[in-house]
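Enquirer: Sequence plus the predicted model coming up.
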Amino acid sequence: MSLIQITCPQCQNIINFKSYETIQYDELLSLAPYSLKCDHCGYVNSVIYQSIVKYPQQSQLIYVLPPNEKLNDELFNKGLGLLQQDDTLNSRLVTSENELIEKLLILNSDLDDRIVELVKLEAHHFVKQNEPQFNILHMLLNRDKEGFFLALFLDDGQSITLEVDPEVFSIADRKYHQILREFEMSAFIQIDASWGQRVMDSYLKQGGQ
Ligand SMILES: [Zn+2]
């Protein structure tokens with residue numbers, strides 16, 4: 001753990017912010033590692049920084065790399081070392097807090113993030129065909145008490161939601177099972193829309209529908 005002093009942007013109080021290199025999933029709530037909080041004025045903001053979240057139940061390591069930040073070689077090598085010690089571990093890279101939250105939701109829901117990404121891509125194409133006025137910037141899977149839904153963030157700042165029947169994931173799992181077996185998963189791969197597009201392109205090239 002390291003301590004960084006940050007000046008509160010609201011009241012100029014000095015905040016002692018604790019950052020961690022590796023964080024156990026179970027500690028995410030108790031440590032709130034990405035939450036900057038001023039005890040003086042109550043200012044709260046989220047701050048992500050390079051770190052590795054360990055999700056032991058699903059043997060997953062998640063490397064958090066904020067956008068436009070240079071990779072911390074020392075920490076990344078530490079992650080690679082952990083992968084070498086245990087070949088049952090999967091690893092992923094995320095570049096925002098929302099992506100991290102989505103990844104943890106997927107793990108907690110026993111879903112496959114690769115399948116989720118392909119379902120998102122299909123939903124994207126569906127919306128593009130049926131509602132061409134919507135220009136989607138990105139999508140996130142979420143869940144409330146009613147079930148899963150996709151949040152679609154549009155270029156005009158609005159967002160819309162699409163309900164997702166969980167059966168969709170099983171159907172996609174059967175559909176893309178074979179093509180996913182052929183896709184090599186490099187260490188700390190980022191499963192995002194462009195990754196999904198590459199898989200989809202190969203799937204279509206091989207005659208999939
Ligand atoms: Zn403050």
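Expert: Now that the structure is in, tell me what you want to look at.

Enquirer: Burial check on Ser159, number of neighbours?
Expert: 14 (other CB atoms under 10 Å). To be clear about C-beta, it is placed using only N, CA and C from the backbone, and glycine gets the same treatment.

Enquirer: Can you tell me the SS state at the nearest residue to it once chain neighbours are set aside?
Expert: Spatial nearest neighbour of Ser159, chain neighbours left out: Phe153 (4.9 Å); criterion: CB to CB, 6 or more residues apart in numbering. Using DSSP: H, G, I helix; E, B strand; the rest coil as the criterion, the local structure at Phe153 reads strand.

Enquirer: so Phe153 touches Asn135, yeah?
Expert: No: the pair Phe153 / Asn135 is not scored as a contact, 10.1 Å apart, by CB atoms under 8 Å.

Enquirer: who's more crowded, the two?
Expert: Phe153 (15 against 10).

Enquirer: quick one: low-confidence parts of this structure?
Expert: 58 (pLDDT under 70).

Enquirer: so where do the helices sit in it?
Expert: Secondary structure of the chain, counting by DSSP state H: helices at 27-31, 73-85, 97-108, 113-130, 167-182, 193-205.

Enquirer: Check the gap between Glu131 and the ion for me.
Expert: 43 Å (CB to the ion, to the nearest Å).

Enquirer: Could you do Asp156 as well?
Expert: Taken as CB to the ion, the span from Asp156 to the ion is 33 Å.

Enquirer: Give me the phi and psi for that residue.
Expert: phi -90, psi 10 (degrees, to the nearest 10).

Enquirer: and the residue nearest to Ser159, what does it touch?
Expert: Taking CB atoms under 8 Å, 6 or more residues apart in numbering, we find Phe153 in contact with 136-140, 159.

Enquirer: List the beta-bridge partners for it.
Expert: Phe153 forms beta bridges with His138, Ser159, as assigned by DSSP bridges.

Enquirer: so what's Ile179 up against?
Expert: Counting by CB under 8 Å, 6+ apart, Ile179 has contacts 199, 202-203, 206, 208.

Enquirer: same deal with Arg114?
Expert: 176, 180, 183, 191, 196, 199.

Enquirer: which pair in those residues spans the largest distance?
Expert: Maximum pairwise distance in those, criterion CB to CB, is 12.7 Å, between Tyr176 and Ile191.

Enquirer: related to what we said a few turns ago, which of the contacts of Arg114 are buried, as a PyMOL select command?
Expert: A single PyMOL command selects the buried members of these (16 or more other CB atoms under 10 Å):
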select buried, resi 176+180+191+196+199
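
Enquirer: Within reach of the ion, which of the contacts of Arg114 are there?
Expert: When contact is defined as CB under 5 Å from the ion, the contacts of Arg114 do not meet the ion at all.

Enquirer: any idea how far Leu89 is from the ion?
Expert: 40 Å.

Enquirer: what does Asp173 give?
Expert: Asp173 is 48 Å from the ion, by CB to the ion.

Enquirer: The ion contacts on this protein?
Expert: So far as CB under 5 Å from the ion goes, the chain lies against the ion at 8, 10-11, 13, 38, 40-41, 43.

Enquirer: By neighbours, which of those wins?
Expert: Of these, with other CB under 10 Å as the count, Cys38 tops at 20 neighbours.
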